[in-house]
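Chemist: Fold the following for me, if possible:
(2 chains)
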Amino acid sequence: MTATATTPRTHRHGDEPLLSVRDLRVTFTRQGEEPFTAVDGVSFDVRPGQTVGLVGESGCGKSVTSLAIMGLLPTRGNRVEGTATFDGTDLLRLSGSDMRDRRGRDIAMIFQDPLSSLNPVVPVGRQVTEVLERHRGMSRKAATPLARDLLQRVGIPDPDRRLKDYPHQMSGGMRQRALIAMALACAPRLLIADEPTTALDVTIQAQILSLLKELVQDTGTALVMITHDLGVVAGLCDEVNVLYGGRIVERGERHELFAEPRHPYTNGLLASIPRLDSERAPLTPIPGSVSDNLPWTSACAFAPRCSQPVEVCTRQTPALEESAGRALRCFNPVEVTR
Amino acid sequence: MTTTTEPTGTAPEADERELLVDARGVKVHFPIKRGVVFDKVIGYVYAVDGVDLQIRKGETYGLVGESGCGKSTLGKAILNLEPPTDGSVVVDGTEIASLKGAELRKRRKDFQMVFQDPMSSLDPRQSVESLLVEGMRAHGLATDDKATAKRLRELLAAVGLPAAALKKYPHEFSGGQRQRIGIARALAVEPKLIVADEPVSALDVSVQAQVINLLEQLQDEFDLTYLVVAHDLAVVRHISDRIGVMYLGGLVEEATADDLYAQPLHPYTRALLSAVPLPDPAAEDTREQILLVGDLPSPSRPPAGCRFHTRCPWRQETRCDTERPELRVVEVDGVPASHRVACHFAEEIARGEIQPHEVAPTATTQEWHGSDDGDAIGPASLAEAQAMAKHTENTAGAGGF
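Modeler: Numbers count the residues shown, from 1 in each chain, chains lettered A, B, ... in the order given. Alright, predicted model coming up:
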């Protein structure tokens, strides 16, 4: 089957944000050790029908951000500050049982490894009906045909038979589809996808991405896409947030961000990935590794790896400055060439 | 890296370089055994099923494919880490496939391997010095202490690590640095061929580029030949002179990197290339995607005829289902002789005489009896998953031995 890649809808600027994260800060504390701030004041908005990307490398805090919003961090050993307002309620202040009511109904999440997020000893169909029973108060009997329809909708062939399958009996792509079916069971208004295609082969990844695109378009669900893959972001997200060391360093509409990256980190990432669609050009890696980071409190964390640091970078914390739909946290941004 | 990765002038002339690896009809079949007391072989996983592969001196050959296609197994078979079931592998004039014991260990000096996950391929209780010296000792290269110390410093400098690293242990390094140690270890015995199995897929994007550049720079410096096995097509395109695309145990297309990307001829290669997300929104919005339906069939029951026919949008009646296509040179304008494809209808598809059609997703029905192809690391293996699926079904049903 041949299909032209569909264009994500342009987001409606007038809409009120569905999810509004403000100054989210997650600190892990451990006895006898320095507290570690994994997410350091992250703010972003997600509007209905919009796809927002959180991009960054391992350790940048993108997954912790999503877990904190979903209330899935362990209850002890960490401190979550800030607000995450969803439809007027602050998710971070909800009690355990109130949050459980919301999770799976209003907000759903898909994870990277579908095998470890499905229960291995429960048939997949049962895991889908469970969501419907819990949130819609349906009986299992009434929920089963709905579960069947959901599996069919996410493109699982022969759904009647697959309802009875256990997770290990499915392929990786199929499991991810089952997980998406579970997430969609209650038609959530917000879907958080944490590296949903990283564990999959590239042809299967293409299938899942096109499914997600289609679902967002059909149902108007807002999608938060967390990934390290700039390629995935480029095709899917309306707005892209680039994270480094627990903070957003750059934000922009995807076309603008990829055409004119202003932060040296974003620019460096784009220069360091080999391109499939252009002539072989030498790669320009970002030197060093995340372990070279400076603390944000008194400097720019990226300064030691930066291609164009200035003196102030190691003395002062750069602020996230917004202008014309873009946001940038840098003292010496990359010049716009065009 | 400018001299060796760029095809010098026209690509076919590069063929004059001497062959380093000449593999013919390589097959690696893993037996599937079942039984309570006595193991009985009840089938085979056809991980590599008849592959011819030639690598010339100083060249980088990229092997791509999805998980379960047999690319890693082929890489190992070339080093005799996985003895081939059938076929011959000649490396630098010596038949490797039949070598055993001390003779094989001696020859291994000339071909080394770099693994995907540097953490699990380096002994956590060995210091970097001991890791590097071990191979040199085994091959009698570390007789003089002074010369050895000098050599170690040279190795570390070559891979961009400080001399202080010698006394440290693997856990003290970051992922990228660990991969550098893995590369230094391979270099320590002055090999001619390095097989790198997913050398950068465990690394962060910014660090990936460092390691890719390092591999290219070392190739220039030490006159190395690489076989790079990877699933990331962009990485493979960047690093390779020639590329082989594998599907279910066989090569389906082989060409120079630029030819392959300029004009992919096999339907599978076309689908694979169109599925890779590009970090360019404008290109993403406009490009044509060929979405393949369904999953990779199980390598224990490969489809008859062309192995790709179950998912191929260009499949033609009967011939594709019954006759397995050979890798052959095709007669399409502008396609050089170095570009070979295993597709009966490559010409017709390239000329647009055959149009793609809908493919109905088939629930995989082939039977399976357990075991996987050893490709457990990397993307969740579809073959493996189906393997397990069928395994349970069968054990529940048959329950015998």
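Chemist: what about chain B, any weak spots by pLDDT?
Modeler: B:1-16, B:361-401 (pLDDT under 70).
Chemist: residues touching the residue positioned nearest the centre of chain A, list them.
Modeler: Centre of chain A computed as the mean C-alpha position; nearest residue by Cα atoms, centre = their mean is A:Ile226, 2.2 Å away. By Cβ atoms under 8 Å, 6 or more residues apart in numbering or on different chains, the contact list for A:Ile226 reads A:53-54, A:62-63, A:65-66, A:192-195. Quick note: C-beta positions are derived from backbone N, CA and C, even for glycine.
Chemist: please redo it, this time with the cut-off set to 10 Å
Modeler: A:52-56, A:62-63, A:65-66, A:109-112, A:192-196, A:198, A:233, A:241, A:243 (Cβ atoms under 10 Å, 6 or more residues apart in numbering or on different chains).
Chemist: so what pLDDT did the residue of the stretch 51-200 of chain A found nearest chain B get?
Modeler: The minimum distance from the stretch 51-200 of chain A to chain B, using Cβ to the nearest Cβ, falls at A:Gly172 (3.2 Å). With respect to pLDDT, A:Gly172 has a value of 84.
Chemist: Please apply the same query to A:Val154.
Modeler: Value listed for A:Val154 in the pLDDT field: 87.
Chemist: And it, how far from A:Ser117?
Modeler: 15 Å (Cβ to Cβ, to the nearest Å).
Chemist: Between these two, tell me which one has more neighbours.
Modeler: A:Val154 (22 against 16; other Cβ atoms under 10 Å in any protein chain shown).
Chemist: wouldn't the more buried one be in contact with A:Leu179 here?
Modeler: Yes - A:Val154 lies in contact with A:Leu179 (Cβ atoms under 10 Å); the separation is 9.0 Å.
Chemist: Identify the contacts common to the two.
Modeler: A:Ile208.
Chemist: My read is that the residue of the stretch 51-200 of chain A closest to chain B contacts B:Asp295, right?
Modeler: Yes - at 8.3 Å, A:Gly172 and B:Asp295 qualify as touching, with contact defined as Cβ under 10 Å.
Chemist: Who has more neighbours out of these two?
Modeler: Taking neighbours as other Cβ under 10 Å, A:Gly172 and B:Asp295 compare with B:Asp295 leading, 28 against 25.
Chemist: For chain B, what's its nearest residue on the stretch 201-338 of chain A.
Modeler: For the stretch 201-338 of chain A and chain B, the shortest gap (Cβ to the nearest Cβ) falls at A:Gly231, measuring 3.0 Å.
Chemist: Look up the pLDDT of that residue for me, please.
Modeler: For A:Gly231, the model assigns a pLDDT of 90.
Chemist: Can you tell me, leaving aside adjacent residues, what's nearest to it?
Modeler: For A:Gly231, ignoring the flanking residues on the chain, the nearest one in space by Cβ to Cβ, 6 or more residues apart in numbering or on different chains is B:Pro277 at 3.0 Å.
Chemist: How much space separates that neighbour from B:Asp232?
Modeler: 11 Å.
Chemist: so what sits against both of those two?
Modeler: Both B:Pro277 and B:Asp232 are in contact with A:202, A:276, where contact means Cβ under 10 Å, 6+ apart.
Chemist: Show me where the chain has its helices.
Modeler: This is for chain A. Residue ranges of the helices in chain A, as given by DSSP state H, are A:62-70, A:96-102, A:114-117, A:124-136, A:140-153, A:159-162, A:172-184, A:202-219, A:230-236, A:254-259, A:264-272.
Chemist: that answer is for a different chain, and I need it for chain B
Modeler: Counting by DSSP H, the helices of chain B are B:71-78, B:101-107, B:118-121, B:128-138, B:145-159, B:175-187, B:205-222, B:233-239, B:257-262, B:267-275, B:281-286, B:319-322, B:346-350, B:382-397.
Chemist: for the ones you listed, which one ends up most surrounded?
Modeler: Of all those, helix B:71-78 has the most neighbours on average by mean count of other Cβ atoms under 10 Å in any protein chain shown, namely a mean of 26.
Chemist: and it, how far out from the chain's middle?
Modeler: 6 Å (Cα atoms, centre = their mean, to the nearest Å).
Chemist: Give the bridge partners for the residue most central in space within chain B, please.
Modeler: Centroid-nearest residue in chain B, with Cα atoms, centre = their mean: B:Val229, separated by 2.9 Å. Beta-bridge partners recorded for B:Val229 (DSSP bridges): B:Leu63, B:Asp197.
Chemist: Next one: it from A:Ser307, what distance?
Modeler: Going from B:Val229 to A:Ser307 by Cβ to Cβ gives 32 Å.
Chemist: Same question for B:Val335.
Modeler: In terms of Cβ to Cβ, B:Val335 sits 41 Å off from A:Ser307.
Chemist: Could I get the buried residue list for stretch A:54-74?
Modeler: Of all the residues in stretch A:54-74, those buried under the rule 16 or more other Cβ atoms under 10 Å in any protein chain shown are A:54-57, A:59-71, A:73.
Chemist: and the residue of the stretch 151-300 of chain B found nearest chain A, how many residues sit next to it?
Modeler: When scored by Cβ to the nearest Cβ, the stretch 151-300 of chain B has B:Pro277 as its residue closest to chain A, at 3.0 Å. By the criterion of other Cβ under 10 Å, B:Pro277 has 25 neighbours.
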